[in-house]
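> compute the structure for the input listed below.
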Amino acid sequence: MTFGVSGLLYKSNVLMYDHQTESLWLQVKRRAVTGPLTGTKLKVLPSSVTTWKKWRKRYPETKVLSFDTGYSRNYSRDPYEDYYRKSGGFFSSFFRAGPGEKEKELVAGIEIGDSSKAYPVELLRKKGKLTDNFSGNEVTINFNEETDQLSIKDSDGVEIPNVVVYWFVWKGIHADSSLYKEK
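As a prediction, this is how the structure comes out:
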């Protein structure tokens, strides 16, 4: 599905609505695309895709919301479980995976200037550390298996914000992006 917003087209459904300003935010780009905050960028906060077991080990005092919400819904079942298992995404007709690419592969996407690149999360898990030359910069990626934390830094040690999403989502927003492949 393609969304038209103030003359701009987005092949995605990852727009957040800001009730206070009525701005629309494109999550993958981390910026407002319409409304009074157009062009404003969001600060990326650290996050990780991890298991409950690893989270509880790292943060044993974590509190969990009650299942007693007042609604009759089975909260022990993930409503997206079937979607995770399927190889195609919601908008597969807009995306053509290249040779050896999987459209629903989780990637860590980065932007340097006007260039973007994605790194397969599973490859980063296996390697633990990876160095790449991208957009005139040496990029070092560290993956901590114990915490599932991902750190991407340039040659000066400056953290490069990253977004972990499916490859087809990243490529849909960053049409010219490349996907890192081992040599």
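
> how many residues are close by the nearest residue to Q149 once chain neighbours are set aside?
In space, Q149 comes closest to S48 once its chain neighbours are excluded; the distance is 5.2 Å by CB to CB, 6 or more residues apart in numbering. No exception for glycine: its C-beta is placed from N, CA and C like everyone else's. A count of nearby residues for S48, using other CB atoms under 10 Å, gives 14.

> distance of S48 from E146?
Shown here: S48 relative to E146, a distance of 11 Å by CB to CB, to the nearest Å.

> check the most far-flung residue of the chain relative to its centre and give its pLDDT.
Among the residues of the chain, the one whose C-alpha is farthest from the average of all C-alpha positions is G70, by CA atoms, centre = their mean at 32.0 Å. At G70, the predicted lDDT confidence score is 86.

> is it true that it lies in a strand?
No: read with DSSP: H, G, I helix; E, B strand; the rest coil, G70 is coil and lies in no strand.

> sorry, back to before: so what's the residue nearest to Q149 up against?
Contact analysis of S48 by CB atoms under 8 Å, 6 or more residues apart in numbering lists 147-150.

> again, only this time at 10 Å
Contact analysis of S48 by CB atoms under 10 Å, 6 or more residues apart in numbering lists 54-55, 58, 143-144, 147-150, 164.

> can you pull out the strands in the chain?
Counting by DSSP state E, residue ranges of the strands within the chain are 3-5, 8-10, 15-17, 24-26, 31-34, 106-112, 115-120, 129-134, 137-144, 149-153, 163-166, 178-179.

> packing partners of the third one?
Packing contacts for strand 15-17, counted by 3 or more CB pairs under 10 Å, 6 or more residues apart in numbering; DSSP states H and E, involve strand 24-26, strand 31-34.

> with respect to burial, which of those scores highest?
strand 24-26 (a mean of 21; mean count of other CB atoms under 10 Å).

> in its sheet, what does that strand sit against?
Each strand that pairs with strand 24-26, with its direction, by DSSP bridges: strand 15-17 (antiparallel), strand 31-34 (antiparallel).

> re the thing from before, the strands of the chain into TSV, with extra columns for distance to P79 and mean pLDDT?
Converted to TSV, these look like this (distance: least, CB to CB, whole Å; pLDDT from 0 to 100):
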stretch	distance to P79	mean pLDDT
strand 3-5	23	37
strand 8-10	24	40
strand 15-17	19	83
strand 24-26	23	88
strand 31-34	27	90
strand 106-112	19	93
strand 115-120	26	95
strand 129-134	34	95
strand 137-144	29	95
strand 149-153	26	93
strand 163-166	17	88
strand 178-179	29	92
